[in-house]
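# Structure here, sequence nowhere to be found:
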Ligand code: 5GP
């Protein structure tokens, strides 16, 4: 857990609809979607940034990747989605509790967002 908005969502202190939950992570719709489908996959463990993950988090990081696949299937976007992790403020990270953006529901003509 962490003292960020996502830590509070994970703990239930702030209520949010979980579209997916398992032992290690949750998924919610982004409040400010950048595409027709924009979902955040959030580990229950509050790691601030991807680079703050350590060797002890190896299984968790793999778990998140497998959860992304399941959630994409659940959302009906498994054939085409982008997975984004912003690491650090200069990369656009605004919430310092690791999260993965699943972005889909449009054709991405450009290689960059
Ligand atoms: P970052 O910029 O840190 O990679 O992504 C943070 C994301 O969280 C943003 O896309 C923002 O719209 C989303 N967000 C921020 N606060 C909330 C919230 O309280 N609820 C939800 N569902 N999304 C949030």
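Right, received. Where do you want to start? Computed from a predicted structure; not experimentally measured.

# Could I get the full set of helices for the chain?
5-11, 58-75 (DSSP state H).

# Buried ones in the longest one, by neighbour count?
This points to helix 58-75. Neighbour counts over helix 58-75 (16 or more other CB atoms under 10 Å) mark 60, 63, 64, 67, 68, 71, 72, 75 as buried. All C-beta atoms are positioned from the backbone trio N, CA, C, and that covers glycine.

# Also stretch 26-39?
26, 27, 28, 35, 37, 38, 39.

# Same check on stretch 82-93?
82, 86, 93.

# swap in stretch 43-51?
43, 44, 45, 46, 47, 48, 49, 50.

# re the thing from before, among the helices of the chain, which is nearest the ligand?
helix 5-11 (4.7 Å; CB to the nearest ligand atom).

# ok so, going back, using JSON lines, please lay out the buried residues of helix 58-75 together with pLDDT and distance to the ligand.
Listed next are the buried residues of helix 58-75 as JSON lines, based on pLDDT from 0 to 100; distance: CB to the nearest ligand atom, whole Å:
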{"residue": "60", "pLDDT": "98", "distance to the ligand": "18"}
{"residue": "63", "pLDDT": "98", "distance to the ligand": "20"}
{"residue": "64", "pLDDT": "98", "distance to the ligand": "14"}
{"residue": "67", "pLDDT": "98", "distance to the ligand": "17"}
{"residue": "68", "pLDDT": "98", "distance to the ligand": "15"}
{"residue": "71", "pLDDT": "98", "distance to the ligand": "14"}
{"residue": "72", "pLDDT": "98", "distance to the ligand": "17"}
{"residue": "75", "pLDDT": "97", "distance to the ligand": "15"}
